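Q: Got a predicted structure here, sequence first:
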Amino acid sequence: MTVTGISSIFGRLFRHDKTHKCIIRTQPKTSVTHQILDHLEGGNISKAVSVLFASPEPVAYWLYERLFRSCSSKSLIVQARKVESHLLTFSPLPPIFLLNRAIEAYGKCGFVNDARELFEQMPERDGGSWNAVITACAQNNVPDEVFRTFRRMNRDGIRATETSFSGVLKSSGLILDLRLVRQLHCAVMKHGFSGNVDLETSIVDVYGKCRVMSDSRRVFDEIQNPSDVSWNVIVRRYLEMGDNDEAVVMFFKMLELNVRPLNHTVSSVILACSRSLALEVGMVVHAIAVKLDFVPDTIVSTSIFDMYVKCGRLERARKVFDQTESKDLKSWTSAMSGYAMSGMTREARELFDLMPERNIISWNAMLGGYVRASEWDEALDFLNLMRQEIEDIDNVTLVWILNVCSGKSDVQMGKQAHGYIYRHGYDTDVIVANALLDMYGKCGSLQSANVWFRVMSELRDEISWNALLTGLARVGRSEQAISFFEGMQLEAKPSKYTLATLLAGCANIPALNIGKATHGFLIRNGYEIDIVIRGAMVDMYSKCRCLDYAIEVFKEAATRDLILWNSIIRGCCRNGRSKEVFELFMLMEDEGVKPDHVTFLGILHACIREGHVELGFKYFSSMSTKYLILPQVEHYDCMVELYCKYGCLHQLEEFLLLMPFDPNIQMLSRIYGACQNYGWQKLGAWAAKRLNE
DNA sequence: GTAGGGTTAG
């Protein structure tokens, strides 16, 4: 034991001695003490504090301490302040440890300023005081103050303890400064805490939060006996990095070592399975969870439910939910929003209506479901209901409302929302502000979007730039988009999505030069040309009538997905190179990529151009027989065009008989025209009659 | 020491 350790024990003994004297000296007020104790034991802390506050005499120090601790555990700020006030009234120089308890209480209640003020006013402090104020700031997410205090503490020669480091590490998880984290890691080692599981776990956590999993994992592997929390942290960090596989691997390692997982760990692993759609592994983890008796755990069963929803196993999901015994507000909301965010608004609403209680988050989740599913009228109805049932809406509600305005292209409603946002001070919330910008862009009010973008000035971020850029590109104002793109680079780093938007903008006008410049920018700045960008480039070049470049870009792809194939196939059609479409289709099949309805639109258009009537019908039939794709109106449209254009009216008549729906106006007028051309009176008359109807 | 629910662009 260190010298300071011993002296502090003596200090405490000495203080107890004083406490003792205090009780003896104040014999008459033991009744006050008893009353306070009675109230504390009955859980009525407010009452206990009231009794204290009314007492014209001090009580024993140990009782003050108990009161502070009670206030901490129940977050009673007013009561904590009363206790401090009473204490200082009767003992202007109370023992340090008591004031430390007060600081802790203020911290737990979320009142950092009270904690700091008291700390600054203390005539004398011990290591505990420093720790108390650091912990208070750390708990309340005031990292700057934590570091300031920590540096001051070191300057004053106060030795950092485990508690100080745990506060500082927690704060460094908020600001994510890797250099700082490395320094702290060294400091922890230098102070001789290298065998301390808790601190090592914190270090694993902050490296992970800084997204440096190699270091995080190295520190983890060095821990002698990782605790359940250590395992929880490493699994969680892998999950958050998107490394779902490693999260699962670590979970199974933990089981091998016979460490019982925490409920949060099980929940993280299930989330990992759900995110990678690894249903089979997920079901194994589900079985493990059952075996380890986690079924009654709300957190675990909620994540199992969510996994089954995301993997499309609705019946299983519902079974898990119905079997969950203890459901709280969070698990109800989570389950309901699982449906809502997967587009199953009907199921979501069913749960929503069953919920025993709801808060703003539940309301927002349901509303978000309608918005995501583009069910605008349902969303509006729901908003009306919401207005009747709950008092307030918040920033999230506003974002969904703005989405409804965009969806309905209702700029009037959007402006009303803008007014509300302004009046209630939500205009400084960057997410709301960006949603507003997006709304103006999607409603085609580029003027308003521009104005608002300028008003946002200080607030705006990369998303704001992208939102405006998308708005401009959407209406084909690509020159303006590119000049914004130049402005953007002074403020924010364009993401690959920005560039994809820009390329789409070039494709629309079409603007080959800007498109080429964008291509060059991507290469010069070392952007990863992923499948999305590549698709945008193929599309841009083919729309700019530069098919050879498109083919070049297409060929360079290491992997090709359906969308990329579709882009090049449509590009060939668009540029009159229909013959190559059939070749491409064969290559696509060879690579094992399954065509979809878009692919077939391209093929049928190629048949129309090339006059392949028989082949066109063969492809059309193969859609349902070989590829199990239900032909849509557009495909029937193509077939009608094919038959009409080449005068195959016999086949057309047969085809029309098999068509599962009524011909639309476009088809009818095409048929009518063809019959006129080829003198096919009966069918022509029929088409004319239908047209008149 | 960690820790389950709703939020913006593409």
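A: The structure has been received and is ready for your questions. Numbers count the residues shown, from 1 in each chain, chains lettered A, B, ... in the order given.
Q: Please identify which helix or strand holds the closest residue to A:E222 other than its chain neighbours.
A: Residue nearest to A:E222 in three dimensions, not counting chain neighbours: A:E200, with 7.3 Å by CB to CB, 6 or more residues apart in numbering. For the C-beta atoms, the positions are set from N, CA and C on the backbone; glycine is no exception. Under the criterion of DSSP states H and E, A:E200 resides in helix A:197-209.
Q: Tell me which other helices or strands that helix touches.
A: helix A:162-175, helix A:178-190, helix A:213-222, helix A:228-240 (3 or more CB pairs under 8 Å, 6 or more residues apart in numbering; DSSP states H and E).
Q: Only C-alpha atoms, please: export it in PDB.
A: C-alpha atoms of helix A:197-209 as PDB (Å, rounded to 0.1, in the frame of the first residue of the first chain):
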ATOM      1  CA  VAL A 197      -9.100  -5.400 -17.100                       C
ATOM      2  CA  ASP A 198     -11.500  -2.500 -16.800                       C
ATOM      3  CA  LEU A 199      -9.100   0.000 -18.100                       C
ATOM      4  CA  GLU A 200      -7.900  -2.300 -20.800                       C
ATOM      5  CA  THR A 201     -11.500  -2.900 -21.900                       C
ATOM      6  CA  SER A 202     -12.000   0.900 -22.100                       C
ATOM      7  CA  ILE A 203      -8.900   1.100 -24.300                       C
ATOM      8  CA  VAL A 204     -10.300  -1.700 -26.600                       C
ATOM      9  CA  ASP A 205     -13.500   0.300 -26.700                       C
ATOM     10  CA  VAL A 206     -11.900   3.700 -27.700                       C
ATOM     11  CA  TYR A 207      -9.600   2.200 -30.300                       C
ATOM     12  CA  GLY A 208     -12.700   0.600 -31.800                       C
ATOM     13  CA  LYS A 209     -14.700   3.800 -31.600                       C
END
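Q: got the contact list for that helix?
A: With CB atoms under 8 Å, 6 or more residues apart in numbering as the test, helix A:197-209 has contacts from A:162, A:165-166, A:169-170, A:172-173, A:176, A:181, A:184-185, A:188, A:193-194, A:213, A:215-217, A:219-220, A:222-227, A:229-230, A:233-234, A:236-238, A:240-241.
Q: wait, does that helix contact DNA strand B?
A: Yes. Remark: helix A:197-209 sits within contact range of DNA strand B at A:197-198, A:201-202, A:205, by CB under 7 Å from any atom of the strand.
Q: which of these count as buried?
A: In terms of neighbour count (16 or more other CB atoms under 10 Å), the buried residues within the residues of helix A:197-209 next to DNA strand B are A:201-202, A:205.
Q: In chain A, where is pLDDT below threshold?
A: A:1-29 (pLDDT under 70).
Q: Of all residues in it, which one is nearest the centre?
A: Closest residue to the average C-alpha location of chain A: A:E240 at 10.6 Å, with CA atoms, centre = their mean.
Q: Look up how far A:D198 lies from the nearest residue to that one once chain neighbours are set aside.
A: With CB to CB, 6+ apart as the criterion, A:E240 has its nearest non-adjacent residue at 7.3 Å, and that residue is A:G208. Separation of A:G208 from A:D198 (CB to CB, to the nearest Å): 16 Å.
Q: Is A:K415 inside a helix or a strand, and which specific one?
A: helix A:411-423.
Q: Just the CA atoms of that helix, as PDB, please.
A: Backbone C-alpha positions of helix A:411-423 (Å, rounded to 0.1, in the frame of the first residue of the first chain) are rendered in PDB as follows:
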ATOM      1  CA  VAL A 411     -44.300  23.000 -51.600                       C
ATOM      2  CA  GLN A 412     -47.100  24.900 -50.000                       C
ATOM      3  CA  MET A 413     -47.200  22.400 -47.100                       C
ATOM      4  CA  GLY A 414     -43.400  22.400 -47.100                       C
ATOM      5  CA  LYS A 415     -43.400  26.200 -46.600                       C
ATOM      6  CA  GLN A 416     -45.800  25.800 -43.700                       C
ATOM      7  CA  ALA A 417     -43.500  23.300 -42.200                       C
ATOM      8  CA  HIS A 418     -40.600  25.700 -42.700                       C
ATOM      9  CA  GLY A 419     -42.500  28.300 -40.800                       C
ATOM     10  CA  TYR A 420     -43.100  25.900 -37.900                       C
ATOM     11  CA  ILE A 421     -39.500  24.900 -37.900                       C
ATOM     12  CA  TYR A 422     -38.400  28.500 -37.800                       C
ATOM     13  CA  ARG A 423     -40.800  29.500 -35.000                       C
END
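Q: Could you list the residues in contact with that helix?
A: By CB under 8 Å, 6+ apart, helix A:411-423 touches A:398, A:401-402, A:404-406, A:426-427, A:432, A:436, A:439-440, A:443-445, A:448, A:452.
Q: Please repeat the previous calculation with a cut-off of 10 Å.
A: Helix A:411-423 is contacted from outside by A:380, A:393, A:395, A:398-399, A:401-402, A:404-406, A:408, A:410, A:426-429, A:432-433, A:435-436, A:439-440, A:442-445, A:448, A:452, using CB atoms under 10 Å, 6 or more residues apart in numbering.
Q: what separates that helix from the chain centre, distance-wise?
A: Centroid displacement of helix A:411-423 relative to its chain, using CA atoms, centre = their mean, to the nearest Å, is 26 Å.
Q: try stretch A:561-575
A: 33 Å.
Q: Identify the residues contacting the residue nearest to the centre of chain A.
A: Contacts for A:E240 (CB under 10 Å, 6+ apart) come out as A:208-209, A:211, A:213, A:247, A:268, A:271-272.
Q: about what we covered before: which of the residues of helix A:197-209 next to DNA strand B lies closest to A:S70?
A: Relative to A:S70, the closest of the residues of helix A:197-209 next to DNA strand B is A:D198; by CB to CB it sits at 25.8 Å.
Q: and that closest one, how far is that from A:S75?
A: For A:D198, the distance to A:S75 equals 24 Å [CB to CB].
Q: ok, now A:F111?
A: 10 Å.
Q: and what of A:V266?
A: Relative to A:S75, and taking CB to CB, A:V266 is found at 29 Å.
Q: now A:Q651
A: 79 Å.
Q: Look at the two and report which has more neighbours.
A: Taking other CB atoms under 10 Å, A:Q651 and A:S75 do not tie; A:Q651 has more neighbours (16 against 13).
Q: Just confirm the more buried one contacts A:M639, I think it does.
A: Yes. Using CB atoms under 10 Å, A:Q651 makes contact with A:M639 at a distance of 9.1 Å.
Q: Report the set of residues contacting both of those two.
A: Common neighbours of A:Q651 and A:M639 (criterion: CB under 10 Å, 6+ apart): A:613, A:617.
Q: got the residues of the stretch 301-450 of chain A near DNA strand B?
A: Checking the stretch 301-450 of chain A against DNA strand B by CB under 7 Å from any atom of the strand, the hits are A:302-303, A:328-331, A:333-334, A:337, A:341, A:359-362, A:364-365, A:368, A:394-397, A:399, A:403, A:429-432, A:434-435, A:438, A:442.
Q: Put the buried members of those into a ChimeraX selection.
A: Filtering these down to the buried ones (16+ other CB under 10 Å) takes a single ChimeraX command:
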select /A:302,303,331,333,334,337,341,362,364,365,368,395,396,397,399,403,429,432,434,435,438,442
